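**Q** Just a sequence and a predicted model for now, questions to come.
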Amino acid sequence: MSEAAQTLDGWYVLHDFRTVDWAAWQDASEAEREKATRELLTLIGGWEETEARKEGSLALYSIVGQKADFVFMHLRETLQELNAIENSYNKSAFARFTKPVHSYVSVVELSNYMGQPGVDPMQVPEIVARLKPILPKAEHICFYPMNKRRLLGDNWYMLPMDDRKAMMRSHGMIGRSYAGKVKQIISGSVGFDDWEWGVTLFADDALQFKKLVYEMRFDEVSARYGEFGEFYVGNRLTRDSLSELLKV
Ligand code: 76R
């Protein structure tokens, strides 16, 4: 058996995608819409307070295209908290006007491919901080799930550790050249959801997503072993832009 990569695992992640029933929203009375908006803003306020206490984090984006209207990306210490979040949303007056269209459950993950021998990663403050990240307030988000291939000829999981390390180094070098332009959160979802990882990227310039993902397609670890699911791309919602979006 090949040596399994060791992972460091941080906060649990829920990507919760919703779409708005605009006909119902427009048909509702002003008072119903106001109540629904108020309840949504109260929920968001509570999640922002959790983030301020550094007990979790929230990213709220509107999705471009027909796959969804919003994504709420929540990070928490436990799966129970994530479940409570989705249930409190589902019980809110605002949820009467939205439909769940997609979700993804994972846990923030760092693997040991790039680790320094003899260094306990949990003693490195930057690593610990990356496991429980406060999500950046970037203009754009890009989310997609991925697997590493398990075909007879190309099976990532049967490669010797040293070969995987070498490929991950090359992957990391490409990634690093986007420092300051794209921030990535890799979350592991083996045992939790339908793919092996969730990839969440944040950038102020959405074109950098395309450049980074495209460049990685030529790198062996993605070119040969990467399999990808549906991509979601979105724009950051603030309280103001959210209220604007909900105006009829
Ligand atoms: O954590 C680190 O910074 C160390 C280097 C590193 C690892 C171990 C790293 C760096 N990644 C790692 C692991 Mn990554 N990453 C992806 C994608 O679209 C594609 O082709 C792939 C999707 C992107 C865009 C991306 C970006 N990475 C992983 C893993 C786990 C692999 C495993 O365990 O087998 C996956 C699935 C994955 C996928 N990666 C970086 C980036 C970027 C931008 C970096 C540089 C980060 C930095 O230096 O700040």
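**A** Now that the structure is in, tell me what you want to look at. Numbering: from 1, shown residues only.

**Q** Please report the distance of the closest residue to the ligand within the chain from Arg164.
**A** Proximity of the chain to the ligand (Cβ to the nearest ligand atom) peaks at Gly175, 2.1 Å away. C-betas here are computed from N, CA, C, even on glycine. Remark: distance between Gly175 and Arg164 (Cβ to Cβ, to the nearest Å) = 16 Å.

**Q** Which one of those two is surrounded by more residues?
**A** Arg164 (20 against 17; other Cβ atoms under 10 Å).

**Q** for the lengthiest helix in the chain, what is the average pLDDT?
**A** Ranked by residue count under DSSP state H, the longest helix found in the chain is helix 30-52. If you average the pLDDT over helix 30-52, you get 98.

**Q** rewinding a little: for the residue of the chain closest to the ligand, list the residues it contacts.
**A** Gly175 sits next to 184, 212, 216 when contact means Cβ atoms under 8 Å, 6 or more residues apart in numbering.

**Q** Can you tell me, leaving aside adjacent residues, what's nearest to the first one?
**A** Same thing as Gln184. Leu201 (5.3 Å; Cβ to Cβ, 6 or more residues apart in numbering).

**Q** check which helix or strand covers that neighbour.
**A** strand 197-203 (DSSP states H and E).

**Q** Now the next helix or strand after that strand: average pLDDT?
**A** Toward the C-terminus, strand 197-203 is succeeded by helix 207-217 as the next helix or strand (DSSP H and E). Averaged across helix 207-217, pLDDT comes to 98.

**Q** Show me what helix 207-217 is packed against.
**A** Using 3 or more Cβ pairs under 8 Å, 6 or more residues apart in numbering; DSSP states H and E, the elements in contact with helix 207-217 are strand 140-148, helix 161-176, strand 197-203.

**Q** right, so those: which one is the most enclosed?
**A** strand 197-203 (a mean of 23; mean count of other Cβ atoms under 10 Å).

**Q** Does that strand reach the ligand?
**A** Yes: with Cβ under 6 Å from any ligand atom as the measure, strand 197-203 is seen reaching the ligand through 197, 199, 201.

**Q** Name whatever forms a beta bridge with Arg150.
**A** Counting by DSSP bridges, Arg150 forms beta bridges with Asn155.
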